[in-house]
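Enquirer: Okay, sequence plus prediction incoming.
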Amino acid sequence: MLVVDDEEGIRLALWAVFHSLYELDLCRNSAEAMKAVEAHRISVAIIDIKMEGESGLDLLKRIKATDPLVEVIVLTGYETLEAAKTALRHQASDLLSKPFDIATISEAVSRALKKRMAAEVAHRAIARMNGGGAGAVSRHEGALHDVRGVMAAVGAISEACSEIVGRRGPLRPADVSELRRNLAAVCRYATLAGELCGRSLGAGRAPSGPAAPRDIRPLLSDLCQLLRSHPGAKGAQIRFLARPGAEFRAEAEPVEVFQMVFNLALNGLQAATGRRRLAIEVRTVKAPVNPNMLHDTATTRVLRAPGFANRPPLLAISVRDSGAGIAAPVLERMFSPFPAAGPAGVGMSVVAQLIAKNAGLLFIETAAGRGTTASVYLPQST
């Protein structure tokens, strides 16, 4: 961690907070800071906006030019519109006012480190795929598709931040709060993109052992928030439905549940027409799936993994859209093989692979003029 401030009291205060957790470089000015950046692998930098000689904003630009992966937290004793605009334009991780408390600076550093870790994973993934030879892109196509979808929402949130700092006049407390909420969301989604890249890189490696099942309710709620920020969801009404207080623990890994639901939801948003509506519902099913749902009909299609045991309790996640329904010729060849070109085809391929891996069932029911419901059934951890 790099700390740059011409006030010795600030440098010592930050040393006292972080010296037991990180290796620290304490610098008084820009010249000392750049020597540290060139000599060491810096993960997070905390820099004062106003110092003798070169300003903190100019230092921010130089650090990013030298190593774009360094996450920079900017400290300021006076919040100005122009300072916030410049800091965000040059990808500052956070903008904090002096004086700050220990909890605030610690949370900012934690967020910055998560972003740094996600960026490193994505960077390694891209480098490996570029050097992976023929066929490397196809092996990672599903992960890239999902990362692009997540990062599209990140881009939209970043644009919202730019709009806030682009308004005339000083930043209001409500503006600062919204900026911090948006930056926290960017951090979560960047971390998720890093996980997706990490899973792609780890394909084929021996598993380290089953992870403890986690409640996927927060993940699905967060997914709905992400969808609301997605450029493809403009004007759409997106709802998340779940029984209050209930926990939903899937045997599948949470990131794989995210991939399945995310792709089904994006397809639903693309299909929705008029006053677009999308609902994502999670529930526990305490009886076996109706046998009638295990066979294709004129208005349904079933994708059943060989390992699907149809033993309750099952976790059911449904995605309902307000589209015109799936045309019969498309429904007939939906899974055999995947015929759709472009993002929708890639997305459904991802869903099918994960259904098979997690011994699940995908049931699609459609009706002309009334939309489509795609339901994923997975073994639920008890």
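Expert: Looks like it arrived, so ask away. Quantities reported herein were computed from a predicted structural model and do not represent experimental measurements.
Enquirer: care to break this structure down by domain?
Expert: 1-205, 217-379 (automatic domain parsing).
Enquirer: Take those and write them to a markdown table, including mean neighbour count.
Expert: For the C-beta atoms, the positions are set from N, CA and C on the backbone; glycine is no exception. What follows is the domains of the chain, written out as a markdown table (neighbours: other C-beta atoms under 10 Å):
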| stretch | mean neighbour count |
| --- | --- |
| domain 1-205 | 17 |
| domain 217-379 | 18 |
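Enquirer: would you turn those domains into TSV with mean pLDDT?
Expert: Shown next, in TSV, are these (pLDDT from 0 to 100):
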stretch	mean pLDDT
domain 1-205	76
domain 217-379	85
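Enquirer: What ranges does the stretch 101-250 of the chain have for its helices?
Expert: Ranges of helices in the stretch 101-250 of the chain, per DSSP state H, counting those that start in this stretch, are 102-130, 136-165, 173-201, 217-229.
Enquirer: Could you export these as JSON lines, including distance to residue 50?
Expert: Formatted as JSON lines, the helices of the stretch 101-250 of the chain follow (distance: least, C-beta to C-beta, whole Å):
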{"stretch": "helix 102-130", "distance to residue 50": "18"}
{"stretch": "helix 136-165", "distance to residue 50": "18"}
{"stretch": "helix 173-201", "distance to residue 50": "19"}
{"stretch": "helix 217-229", "distance to residue 50": "33"}
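Enquirer: can you give me the strands in the stretch 251-382 of the chain?
Expert: 277-285, 300-304, 314-321, 361-367, 371-379 (DSSP state E, counting those that start in this stretch).
Enquirer: Who does the shortest one pair with, and is each partner parallel or antiparallel?
Expert: Strands flanking strand 300-304 in the sheet, each with its direction: strand 361-367 (antiparallel) (DSSP bridges).
Enquirer: still on that earlier bit, can you put the strands of the stretch 251-382 of the chain in JSON lines and add distance to residue 23?
Expert: Below are those laid out as JSON lines (distance: least, C-beta to C-beta, whole Å):
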{"stretch": "strand 277-285", "distance to residue 23": "43"}
{"stretch": "strand 300-304", "distance to residue 23": "50"}
{"stretch": "strand 314-321", "distance to residue 23": "44"}
{"stretch": "strand 361-367", "distance to residue 23": "48"}
{"stretch": "strand 371-379", "distance to residue 23": "43"}
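Enquirer: nearest to residue 333, of those strands?
Expert: strand 300-304 (9.5 Å; C-beta to C-beta).
Enquirer: just the angle between that closest one and strand 371-379, please?
Expert: If you take axes from the mean of the first three to the mean of the last three C-alpha atoms, to 10 degrees, strand 300-304 sits at 20 degrees to strand 371-379.
Enquirer: Other residues contacting strand 300-304?
Expert: 293-296, 331, 334-335, 352, 355, 361-366 (C-beta atoms under 8 Å, 6 or more residues apart in numbering).
Enquirer: now do 10 Å
Expert: Strand 300-304 is contacted from outside by 289, 292-296, 310, 326, 330-336, 348, 351-352, 355-356, 359-366, 373-374, 376-377, using C-beta atoms under 10 Å, 6 or more residues apart in numbering.
Enquirer: ok, so what distance separates residue 14 from residue 2?
Expert: 10 Å (C-beta to C-beta, to the nearest Å).
Enquirer: which neighbours do those two share?
Expert: Common neighbours of residue 14 and residue 2 (criterion: C-beta under 10 Å, 6+ apart): 24, 26, 46.
Enquirer: Make sure the first one is actually in contact with residue 109.
Expert: So that's residue 24. No. In this structure residue 24 lies outside contact range of residue 109 using C-beta atoms under 10 Å: 11.5 Å.
Enquirer: Common neighbours of those two, please.
Expert: Residues touching both residue 24 and residue 109 (C-beta under 10 Å, 6+ apart) are 1, 14, 17-18, 46.
Enquirer: Among those, name the ones in helices.
Expert: If you go by DSSP state H, those have 14, 17-18 in helices.
Enquirer: can I get those residues in JSON lines with distance to residue 221?
Expert: As requested, those are exported to JSON lines (distance: C-beta to C-beta, whole Å):
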{"residue": "14", "distance to residue 221": "35"}
{"residue": "17", "distance to residue 221": "32"}
{"residue": "18", "distance to residue 221": "32"}
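Enquirer: Residue 103: which of the residues you listed is nearest?
Expert: Nearest to residue 103 among those: residue 17, at 10.2 Å, using C-beta to C-beta.
Enquirer: what about the closest residue to residue 98 other than its chain neighbours, distance to residue 97?
Expert: Distances taken as C-beta to C-beta, 6 or more residues apart in numbering place residue 77 nearest to residue 98, at 4.4 Å, with adjacent residues excluded. From residue 77 across to residue 97, the span is 7 Å (C-beta to C-beta).
Enquirer: swap in residue 178?
Expert: 15 Å.
Enquirer: what's the answer for residue 105, then?
Expert: As judged by C-beta to C-beta, residue 105 and residue 97 stand 11 Å apart.
Enquirer: Give me the common contacts of these two.
Expert: Contacts common to residue 105 and residue 97, judged by C-beta under 10 Å, 6+ apart, are residue 75.
Enquirer: and of the shared contacts of residue 14 and residue 2, the nearest to residue 8?
Expert: residue 26 (9.1 Å).
Enquirer: bridging residues for that closest one?
Expert: Note on residue 26: beta-bridge partners residue 3, judged by DSSP bridges.
Enquirer: Go ahead and confirm it touches residue 14.
Expert: Yes. Contact criterion C-beta under 10 Å: residue 26 and residue 14 qualify, at 7.8 Å.
Enquirer: what sits in contact with each of these two?
Expert: With C-beta under 10 Å, 6+ apart, residue 26 and residue 14 have common neighbours 1, 3, 5.
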